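[1] this one's sequence-less:
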């Protein structure tokens with residue numbers, strides 16, 4: 001059974017930092033590209049960042065560039081998202097998603113809530 005389990009969400013003040021993790025099982029993590037996607041209250045899903053299967057090529061949405069860093073540890077089957085300089089508009093449910101090239105969103109986690117508020 002494929003499982004993606006996100007963790008690390010919570011409440012952080014504006015300007016603060018948070019690191020999300022996504023533990024993968026049930027598929028060959030190291031051969032799949034991985035993504036972070038978020039959904040703010042009342043809005044549609046927004047792609048945030050992606051990293052290739054080997055970890056060498058990260059891609060970011062404009063809203064994440066310069067503030068977020070996506071990374072992965074294939075030995076631990078884990079995906080990460082380091083988020084710095086948080087803004088209130090970063091408040092959302094954050095999902096990890098993955099899949100082979102051309103099917104980036106085959107697998108989905110249940111999400112972890114991040115709230116940025118003073």
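    Perfect, I can see it now. Being a predicted model, the structure only gives us computed values, none of them experimental.
[2] Not counting its neighbours along the chain, what's nearest residue 67?
    residue 85 (4.7 Å; CB to CB, 6 or more residues apart in numbering). Glycine gets a C-beta too; all of them are placed from N, C-alpha and C.
[3] now do residue 114
    residue 9 (4.8 Å).
[4] Run through the residues that contact the one you found.
    18, 20, 94, 112, 113, 114 (CB atoms under 8 Å, 6 or more residues apart in numbering).
[5] how about the helix-or-strand element of the chain with minimal mean pLDDT: buried residues?
    Within the chain, no helix or strand scores below strand 10-12, which has a mean of 91 by mean pLDDT, DSSP states H and E. Buried residues in strand 10-12, defined by neighbour count with 16 or more other CB atoms under 10 Å: residue 12.
[6] Stretch 61-69 now?
    63, 64, 68, 69.
[7] Need the max-distance pair from those residues.
    Spatially, the most separated pair among those is 63 and 69, at 13.9 Å (CB to CB).
[8] Distance of residue 108 relative to residue 50?
    To residue 50, residue 108 is 14 Å away according to CB to CB, to the nearest Å.
[9] Looking at these two, which one has more neighbours?
    Per other CB atoms under 10 Å, whichever of residue 108 and residue 50 has more neighbours is residue 50, with 19 against 16.
[10] Help me confirm that that one comes into contact with residue 61.
    No. Residue 50 is beyond contact range of residue 61, at 9.3 Å (criterion: CB atoms under 8 Å).
[11] Which ones among the buried residues of stretch 61-69 lie within strands?
    Among those, the ones falling in strands (DSSP state E) are 68, 69.
[12] What is the burial count for residue 89?
    By the criterion of other CB under 10 Å, residue 89 has 10 neighbours.
[13] secondary structure class for it?
    Three-state call for residue 89 (DSSP: H, G, I helix; E, B strand; the rest coil): helix.
[14] is it true that it touches residue 43?
    No. Applying CB under 8 Å, one finds residue 89 not in contact with residue 43, separated by 10.1 Å.
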